[in-house]
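# here is my input, please return the structure:
(2 chains)
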Number of protein chains: 2
Amino acid sequence: MVAKSELKLIRSLQQKKYRNQHQLFFVEGKKTIQELLNSDFKPHSVFYSDQNILDFSAPFLHEISASELQQISMLKKPNGVLGVFHIPKPKEINNKDWIVVLDDVRDPGNLGTIIRLCDWFGIQNLVCSRNTVDCYNPKVLQATMGSISRVNITYLDLANFLKGANSIIYGAFMDGKSVYESELSDKGVIILGNEANGISAQIEALVSQKVSIPQYGNKTTESLNVATASAILLNEIRRR
Amino acid sequence: MVAKSELKLIRSLQQKKYRNQHQLFFVEGKKTIQELLNSDFKPHSVFYSDQNILDFSAPFLHEISASELQQISMLKKPNGVLGVFHIPKPKEINNKDWIVVLDDVRDPGNLGTIIRLCDWFGIQNLVCSRNTVDCYNPKVLQATMGSISRVNITYLDLANFLKGANSIIYGAFMDGKSVYESELSDKGVIILGNEANGISAQIEALVSQKVSIPQYGNKTTESLNVATASAILLNEIRRR
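Numbering: from 1, shown residues only, chains lettered A, B, ... in the order given. Sure, this is the predicted structure:
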């Protein structure tokens, strides 16, 4: 059974305010929960309605009924298990490799896709402006497919961070130099901007090299989506 | 005013069955509608509630009230204009350039993103298996941002098409040769598969070169999303 207070706590974690207050977040689904349990993330409590879903026992595991799971789940059709985890303290950001920086990315699906891309391309550090959507937002977590356990995500004041970054700072711009013709260093910082407005003027002033993805079609075409642009730029970084 | 019969017709177009029956589809939003009006697409009727949204007059334009627009719109907050267009006959597929082929892509957002990518990279022909999500699905159209007017999309029997394609057939596979090391011809066919199952065995048998996107992170990482993989592969095709 889930105590009423517990139910209320878990539901409150849909909101960033309460995630910050309690330093907790929740995820759903066997695969993501198993990946988090196998990582440095510390479980607070894991609720399952399907006996066969987890093949071990632990003090933080609680069997509940399907209707109880329905009450705490964000999903129309809960998938058998929901885990509450402690928000980890970000690790130190090392600049031995590329660092991906997001300037106010707002869409949860975009951030989730970018986290998954960082994981795919082995980028360990993702740095987000304070107005970037929260990575513990349930919709972000759904889109990351467990990658959140392998990427160190830090929210901070971007301008301060970039001033002390001691790296070449690349930024994605519509009017940048073609990334095919740009020299990319072995490591550096690559900034991607907000969905509607791109990189802000304050941050643009700190960019040392503007890069763009060449366009081959009609010039009236919308710019590429930020997640799509990230895919192409991280691919370019790694293929060199 | 919208006649009741008209209202019923437009609402029915949310379903593929009725889109096929009437050979009509609808889109919302000024930008997409203007792009379609400037293209080969033939308008059936355009309804607007905001007088300032379109700066011309035409027999197919109908001013309606905001509450009438609310009744025909798919959106919680309609954005002032909704257009009904005739589904065009696909043009002949020419193989002078690359052709993108989708084998049962099911997610509307993924198809919309791939159409937008074809437009960005100047790929004129997109060929879809009959079980790929319908490109006139309202959610696909929302994700294409008008690119639908510039990409020739054809639904057909993939196996038949590929047998007569007279091109080198590339396919995206997890176990293919690294795309960085693959020789890519000046033109060809590139196939991307279903979100869960990839390229089907029947189609795999027709592939002449399997390509993959190298992975740099942890090996337990989920495969890349099909839209993300498309972005990277189309970029690779154009950068050569």
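
# please make it C-alpha for all contacts and neighbour counts, starting now.
Noted.

# need the residues of chain A near chain B, please.
A:116-117, A:119-123, A:145-147, A:150, A:180, A:215-218, A:221-222, A:224, A:227-229, A:231-232, A:235, A:239 (C-alpha under 8 Å from any C-alpha of the partner chain).

# which of the residues you listed are buried?
A:116-117, A:119-123, A:145-147, A:150, A:180, A:215, A:217, A:221, A:224, A:227-229, A:231-232, A:235 (16 or more other C-alpha atoms under 10 Å in any protein chain shown).

# now, these that are in helices?
Counting by DSSP state H, these place A:116-117, A:119-120, A:227-229, A:231-232, A:235 in helices.

# distance check, A:Gln71 against A:Asp55.
Distance, A:Gln71 to A:Asp55, using C-alpha to C-alpha, to the nearest Å: 24 Å.

# who has more neighbours, the two?
A:Gln71 (15 against 6; other C-alpha atoms under 10 Å in any protein chain shown).

# where does the more buried one land in three-state SS?
At A:Gln71 the chain is in helix, as set by DSSP: H, G, I helix; E, B strand; the rest coil.

# quick one: contacts for it?
A:Leu7 (C-alpha atoms under 8 Å, 6 or more residues apart in numbering or on different chains).

# distance of it relative to chain B?
Separation of A:Gln71 from chain B (C-alpha to the nearest C-alpha, to the nearest Å) stands at 26 Å.

# now do the host helix or strand of A:Thr32: distance to the chain's middle.
Assigned by DSSP states H and E, A:Thr32 belongs to helix A:30-37. Remark: helix A:30-37 is offset 16 Å from the chain centroid, using C-alpha atoms, centre = their mean, to the nearest Å.

# residues of it that come out buried?
For helix A:30-37, by 16+ other C-alpha under 10 Å, it's A:30, A:32-33, A:35-36.

# show the subsequent helix or strand relative to that helix.
Using DSSP H and E, the helix or strand that follows helix A:30-37 in sequence is strand A:43-48.

# what angle sits between that next one and helix A:30-37?
160 degrees (axes from the mean of the first three to the mean of the last three C-alpha atoms, to 10 degrees).

# need the contact partners of strand A:43-48.
Contacts of strand A:43-48 (C-alpha under 8 Å, 6+ apart): A:24, A:37, A:60-65, A:69, A:80-86.

# which SSE is A:Asp175 in?
Short version: A:Asp175 belongs to strand A:169-178, going by DSSP H and E.

# kindly apply the preceding question to A:Val27 instead.
Here A:Val27 is assigned to strand A:24-28, by DSSP H and E.

# tell me what that strand is packed against?
Strand A:24-28 sits against strand A:81-86, helix A:138-144, with contacts defined as 3 or more C-alpha pairs under 8 Å, 6 or more residues apart in numbering or on different chains; DSSP states H and E.

# quickly run through the sheet partners of the shortest one, with directions.
Using DSSP bridges, the neighbouring strands of strand A:81-86 in the sheet come out as strand A:24-28 (antiparallel), strand A:43-48 (antiparallel).
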